[in-house]
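> Could you work out the structure for the sequence below:
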Amino acid sequence: MADIVRDTGKKCSNWGKWGAEDELGTLNYITPEMIARATRLVKRGVVFSLAIPLDNTGPQVNQPRRFNPIHRMILTGPDFTTGAVKRPGGVGFADDMVIMALQCATQWDALSHCFLDGKLYNGYDANLVGSEGAKKNGIEKMARHIVARGALLDIARVKGVQWLEPGYAITVDDLEAAMRAQPVTVGTGDALLVRTGQMAMCRARGGWGDYAGGDAPGLSFQTAEWLHAKQVAALATDTWGMEVRPNEIPNTYQPLHQILIPHMGMLVGEIFDLDALAADCAQDRVWEFLFVAPPLPITGAVGTPVNPFAVK
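You can find the predicted model right below:
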């Protein structure tokens, strides 16, 4: 069954489409004209942050590698008020730091995050992602590029449920039904946000449970060719892993990732909080917006925390 992954990868490959040296992938679809057009979608000046808090209440529960942010102070008020640290004139300063896995909260996957058969997007050798970071397809290459028209498809709302059940695979028919019902178009250069309601489920149940790494609703593997044909620039969901879990294809892991990232060069986002935006879209019946979500330009990073904005 794993051959279906490689066969689909070949059908959806964008290797060489934007040149042999490209490290941006589907972000190349976003033109200056599209950005200017997207800014004209702002009518009310309302800004929605799609990020969850960066703190120790995050979803990384019992994870072997990723952990929730650890916030530590370097300088505090008592350092100065007790006289332990002194500056002329009675002035004091506070400083702090964060230790975190870059993909522990709302985040983008860089094009160096996933590889197949030893190859990154555009044919680069996976060995270029070493102990010092990614020498190709690092997230810093995208630092000024993620401004686009955003479109939300609220699959849970279209189906009349608060959330999709874990294990539900969102099909092409589901995506197109949402486009008709809401209605909104999805096309070249768009940032597509797909709401499953899983984050709302966690809130209703009072905890994250196995949100990180457990069973989840998500996009079906069969959506790969649809996303490729639509020329979507970026895709994000309110789930830990974007695609349905358990995975649909036996003996493979995160098969849709294997198509979207190393073959298609698509920017993938996860753990986006879409609930407030979805409620507003349902109220004003406007499902498109200016989407602004630049990554932190961490040189060689294979992912980045992000505070994405939807502006209506």
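> For stretch 131-144, which residues meet the burial criterion?
Using 16 or more other C-beta atoms under 10 Å as the burial criterion, the residues of stretch 131-144 that qualify are 133, 134, 136, 137, 138, 139, 140, 141, 142. The C-beta positions use only the backbone N, C-alpha and C, and glycine is treated the same way.
> And those residues, which is closest to residue 185?
residue 142 (24.4 Å; C-beta to C-beta).
> From residue 275, how far off is that closest one?
26 Å (C-beta to C-beta, to the nearest Å).
> One more: residue 196?
Residue 196 is 11 Å from residue 275, where distance means C-beta to C-beta.
> Compare these two and say which is more crowded by neighbours.
Neighbours per residue (other C-beta atoms under 10 Å) separate residue 196 from residue 275, with residue 196 holding more: 27 against 18.
> give me every residue that touches the more buried one.
Residue 196 is in contact with 155, 156, 163, 164, 168, 170, 216, 217, 218, 237, 238, 239, counting by C-beta atoms under 8 Å, 6 or more residues apart in numbering.
> was I right about the second one contacting residue 170?
No. Taking contacts as C-beta atoms under 8 Å, residue 156 lies outside contact range of residue 170: 9.9 Å.
> Overlap in contacts, the two.
With C-beta under 8 Å, 6+ apart as the test, residue 156 and residue 170 both reach 164, 196.
> so how many other residues sit close to the closest residue to residue 65 other than its chain neighbours?
Nearest residue to residue 65, sequence neighbours excluded (C-beta to C-beta, 6 or more residues apart in numbering): residue 101, at 6.9 Å. Using other C-beta under 10 Å, the number of residues around residue 101 comes to 17.
> Equivalent analysis for residue 47, please.
13.
> Tell me which residues touch it, please.
Neighbouring residues of residue 47 by C-beta under 8 Å, 6+ apart: 309, 310, 311.
> The same query, at a cut-off of 6 Å, please.
Shown in contact with residue 47 (C-beta atoms under 6 Å, 6 or more residues apart in numbering): 309, 311.
> Quick check: it vs residue 277, distance?
The gap separating residue 47 from residue 277 is 10 Å, by C-beta to C-beta.
> quick revisit: what about the residue nearest to residue 65, which SS state?
Secondary structure for residue 101, judged by DSSP: H, G, I helix; E, B strand; the rest coil, is coil.
> Let the chain start at 2 from now.
Taking 2 as the first residue, the last one we looked at is residue 102.
> chain center to stretch 50-57: distance?
Stretch 50-57 sits 13 Å away from the centroid of its parent chain (C-alpha atoms, centre = their mean, to the nearest Å).
> quick one on the thing from earlier: want to throw the contacts of residue 197 into TSV with pLDDT?
Formatted as TSV, the contacts of residue 197 follow (pLDDT from 0 to 100):
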residue	pLDDT
156	98
157	98
164	98
165	98
169	98
171	98
217	98
218	98
219	98
238	98
239	98
240	98
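> Go through those and flag which are in helices.
Using DSSP state H, 156, 157 are the members of these that sit in helices.
> burial count for the residue lying closest to residue 18 once chain neighbours are set aside?
In space, residue 18 comes closest to residue 29 once its chain neighbours are excluded; the distance is 7.7 Å by C-beta to C-beta, 6+ apart. Using other C-beta under 10 Å, residue 29 has 17 neighbouring residues.
> any idea how far residue 29 lies from residue 276?
31 Å.
> how close does residue 171 sit to residue 23?
Using C-beta to C-beta, residue 171 is found at 29 Å from residue 23.
> of these two, who's got more company?
More crowded of residue 171 and residue 23, by other C-beta under 10 Å: residue 171, with 24 against 19.
> For the more buried one, which non-adjacent residue is spatially closest?
residue 220 (5.0 Å).
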